[in-house]
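> build me a model:
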Amino acid sequence: MKKNTTSGEVGSELSSGSSSPDLVFAKSSLGNALLAQLQDGSASYKRIADYLLRNQVKVTALGIEDMAEQCDVSTATISRFARDLGFSNYAALKNKIAETVQAIFSPVEKLRNTIEGKKPSSSPSHASLQSATANINAASNGLEEDQMQQVVSRLCKAGTVYIMGFGLSAHIAGMLALHLQPYCNRVVEVVGYGGTEVAAGNLANITDKDVLVVISFPRYALDVIRLTQFARHHSTCIVAITDSAASPLAQLGDYLLLAPSTHAVLPSSSTAAIAVIESLVSSIMVSNKKNVEKAIRLTEALSGYLHNNDNTSRTSQLESRKPKK
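Residues are numbered from 1 along each chain as shown. Modelled structure (predicted):
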């Protein structure tokens, strides 16, 4: 997060395409206050802050009893939380959220209504594809080019790039590792086909000369948080690819690449994460002439194993052209 954003500025920032709605809310003065509670507050305050950061629109329609139920706390705790943030009561806090949300989400709601108006009902498969599209668009709006270039620079200069993801994120981590291998000094896929013990062993010698790219989406694995904290303790540069500013990894990363993962059925969607990874790799590939040359050499090395339109491999063609003994 680079700066605080007032409610009067959030609309212009969103309309300029610089950030996704969730990220704009997190950058607002209220969002920063909630992030501080998410980082240093009590267990109950953390649950409240997390819920507010993830459900800004929904909260504007919740009474204090409903809010307390959603966060599994008492109404007295909700009131105390609001006062500690500088509001007279929960109603004042909710009004501030509504004010901030109105500036942020008006253009988003307009787009959503337009999409929904085209088709009264849709199949689960169609809804899933629409959700994927919305997540990619949000990731694109939230991408900060300056930050992306800083990440590219750190990855290219790192002694070793460690990439970590558990569960479904392990497959995304494997994809990123495969893409980065030709362009980074050394790439280690931390988890691979192992578990926590293997991951911890791979990170045992991590230093401040290295970079850890950590990937996690709901449902977050506890191990990924603990191992990221271990790397942070060793002053390693951390790039977090996750779904929200409220993610437990968001506060641990030196750089945060957001990939919204909302899905109506699945616990989370990986579509935007893959798009963000492809964006990162593309930026690395064209970042300097050496990487362009590496990409060309890689293509040449693979060309012998690729099929042509006539379904014969280049290797087979070369073999057929050898002079017969």
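> where does the protein dip in pLDDT?
1-22, 102-122, 292, 295, 298-325 (pLDDT under 70).
> quick one, domains of it?
The record's domain parsing of the chain by automatic domain parsing lists 7-121, 145-287.
> could these be laid out in CSV, adding mean neighbour count and distance to Lys294?
Yep, even glycine has a C-beta here, placed from its N, CA and C like the rest. Output for the domains of the chain, formatted as CSV (neighbours: other Cβ atoms under 10 Å; distance: least, Cβ to Cβ, whole Å):
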stretch, mean neighbour count, distance to Lys294
domain 7-121, 17, 32
domain 145-287, 19, 5
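> how about these in TSV, adding distance to Ala134?
TSV is the format used below for these (distance: least, Cβ to Cβ, whole Å):
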stretch	distance to Ala134
domain 7-121	8
domain 145-287	7
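> how about Asp50: what's its closest non-neighbour residue?
Nearest residue to Asp50 in three dimensions, chain neighbours excluded: Ala246, at 5.1 Å (Cβ to Cβ, 6 or more residues apart in numbering).
> what of Leu38?
Nearest to Leu38 is Ala49, by Cβ to Cβ, 6+ apart, at 4.3 Å.
> any idea how far the one you found lies from Phe81?
As judged by Cβ to Cβ, to the nearest Å, Ala49 and Phe81 stand 8 Å apart.
> which residues do those two both contact?
The overlap between the contact sets of Ala49 and Phe81 (Cβ atoms under 8 Å, 6 or more residues apart in numbering) consists of Gln37.
> quick one, what contacts Ile296?
Applying Cβ under 8 Å, 6+ apart, no residues qualify as near Ile296.
> am I right that it is in a helix?
Yes: remark: Ile296 belongs to a helix, assigned using DSSP: H, G, I helix; E, B strand; the rest coil.
> help me confirm that the residue nearest to Asp50 is found in a helix?
No: with three-state DSSP as the criterion, Ala246 is assigned coil and is not in a helix.
> who's in contact with Leu280?
Counting by Cβ under 8 Å, 6+ apart, Leu280 has contacts 148, 151-152, 176, 257.
> how about the helices in the stretch 201-325 of the chain?
Shown for the stretch 201-325 of the chain, the helices assigned by DSSP state H, counting those that start in this stretch span residues 222-233, 271-285, 289-303, 314-320.
> for the stretch 51-200 of the chain, that is, sorry about that
56-59, 64-71, 75-84, 90-118, 124-142, 145-157, 168-180, 196-202.
> with only the CA atoms kept, save the first one in CSV.
What it means is helix 56-59. C-alpha atoms of helix 56-59 as CSV (Å, rounded to 0.1, in the frame of the first residue of the first chain):
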residue,chain,number,x,y,z
GLN,A,56,-17.9,-3.7,2.3
VAL,A,57,-21.1,-3.7,0.3
LYS,A,58,-22.9,-6.3,2.4
VAL,A,59,-22.0,-4.6,5.7
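> which other helices and strands contact that helix?
Other elements packing on helix 56-59 under the criterion 3 or more Cβ pairs under 8 Å, 6 or more residues apart in numbering; DSSP states H and E are helix 90-118.
> picking that back up, report the contact partners of the residue nearest to Asp50.
26, 35, 38, 49-50, 53-54.
> what would those residues look like in TSV with secondary structure?
Below are these laid out as TSV (three-state DSSP):
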residue	secondary structure
Ala26	helix
Leu35	helix
Leu38	helix
Ala49	helix
Asp50	helix
Leu53	helix
Arg54	helix
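> which single one of those residues is nearest to Thr75?
Ala49 (16.8 Å; Cβ to Cβ).
> could you report the neighbour count for the nearest residue to Leu258 once chain neighbours are set aside?
Distance criterion Cβ to Cβ, 6+ apart; nearest residue to Leu258, sequence neighbours excluded, is Gly142 at 4.8 Å. Neighbour count for Gly142, taken as other Cβ atoms under 10 Å: 24.
> coming back round to it: of all the domains of the chain, which lies closest to Leu129?
domain 145-287 (9.1 Å).
> got the end-to-end distance for that closest one?
13 Å (Cα to Cα, to the nearest Å).
> for stretch 249-258, same thing?
Where stretch 249-258 begins and where it ends lie 11 Å apart, using Cα to Cα.
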